[in-house]
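**Q** give me a model of this one.
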Amino acid sequence: MSAIKGVLIDLSGTIHIDKKVIPGAIEAIERLKASKIPFRFATNTTKVSSKQLVDKLTTLGFDVEEKDVFTSLSACRDMIKSKHLRPFLIMEDGALEEFKDIDTVDPNAVVVGLAPSKFNYEKLNEAFRLLSSNPNTELIAVHKARYFADKDEKLSMGPGGFVQALEFASGVTASIVGKPTTNFFKLALEQINMENSPQQVAIIGDDVSNDLGGGAKELGLHRFLVQTGKYRPEDSNEITDINVFKSVVEAVDHIIAQYSNKP
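**A** Model prediction:
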């Protein structure tokens, strides 16, 4: 494998779980910053806007600016703008700030994020009716994760099952914006000016599918699985060519060590 000269890091489950910081994660990120290795937090977090996410991380003790974070929510907003879509948004209220400048009158698209308080029959049926009444209405999933590590550190349902319910009922296949799509990773690589050398970038995450599968594998990223968040022992057997670490602390220190010893 080629030397690692850039890093993408997942957030939820990797450096924190809700309001609990993974032990040693704050200091590990500080060491990564000091090493001058370019990195971005690349996350599928969709319950809050990018600004609110940065505010939360700052409150937890991380020294983070908005430029350090690339989210599937911001990628979704940019895609909606570029396609001139008017979305019907199934989002938590905290995430709607990301779309405050988007026209949502007379929707021609349904956009689904992780929205536990909105995943009810009335809201999903409203989305279904939009999709079934006009064959040109697009269905967009910010991501299709099956589950996530909740604040009680147990697994909870992600948006994937709800997106599939809409696909099944309407016959419309969803476009996926976030991880693990190749396009998401390409956009994240552009953030650290390494779009032309993905084989020199590592992705650190707790989700064997959404962090380390799909585009991460296709682009040849170094894939580092951490045993925190949604990690389960059987995950280590699901994919090959990965490194497994106890936490983000060991993964970051491994990257810094090889970077410092490069020829």
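**Q** now Ser197. Nearest residue, chain neighbours left out?
**A** Lys5 (7.3 Å; C-beta to C-beta, 6 or more residues apart in numbering). Any C-beta I mention is one placed from the backbone N, CA and C, and that applies to glycine too.
**Q** just list the residues touching the one you found, thanks.
**A** 37-38, 194, 197, 200-201, 259 (C-beta atoms under 8 Å, 6 or more residues apart in numbering).
**Q** ok, now how distant is it from Gly220?
**A** Look at Lys5 and Gly220: by C-beta to C-beta, to the nearest Å, they are 13 Å apart.
**Q** show the pLDDT at the residue nearest to Ser197.
**A** Note for Lys5: predicted pLDDT of 96.
**Q** just name the closest of the contacts of Lys5 to Ser117, please.
**A** Using C-beta to C-beta, Val201 comes nearest to Ser117 of the contacts of Lys5, at 35.5 Å.
**Q** and the helix or strand where Asn125 lies, what does it pack onto?
**A** Per DSSP states H and E: Asn125 is located in helix 121-133. For helix 121-133, the elements it packs on are strand 87-90, strand 109-112, helix 160-170, judged by 3 or more C-beta pairs under 8 Å, 6 or more residues apart in numbering; DSSP states H and E.
**Q** relative to helix 160-170, how tilted is that helix?
**A** Orientation of helix 121-133 against helix 160-170 (axes from the mean of the first three to the mean of the last three C-alpha atoms, to 10 degrees) gives an angle of 40 degrees.
**Q** now what about stretch 243-258, what contacts it?
**A** Against stretch 243-258 from outside (C-beta under 8 Å, 6+ apart): 3-4, 7, 9, 14-15, 22-25, 27-29, 31-32, 35, 37, 202, 204, 222-228, 236.
**Q** what helix or strand is Leu225 on?
**A** strand 222-226.
**Q** and after that strand, which helix or strand comes next?
**A** Note on strand 222-226: by DSSP H and E, the next helix or strand toward the C-terminus is strand 242-245.
**Q** buried residues, that following strand. List them.
**A** In terms of neighbour count (16 or more other C-beta atoms under 10 Å), strand 242-245 has its buried residues at 242, 245.
**Q** kindly report the same for stretch 75-82.
**A** 75-77, 79-80.
**Q** would you quantify the distance from the residue lying closest to Leu212 once chain neighbours are set aside to Lys144?
**A** What sits nearest to Leu212 in space, not counting adjacent residues and going by C-beta to C-beta, 6+ apart, is Arg223, at 4.3 Å. Distance of Arg223 to Lys144, given as C-beta to C-beta: 19 Å.
**Q** so for the two, which residue has more residues nearby?
**A** Lys144 (24 against 21; other C-beta atoms under 10 Å).
**Q** let's verify the more buried one: helix, strand, or coil?
**A** At Lys144 the chain is in coil, as set by DSSP: H, G, I helix; E, B strand; the rest coil.
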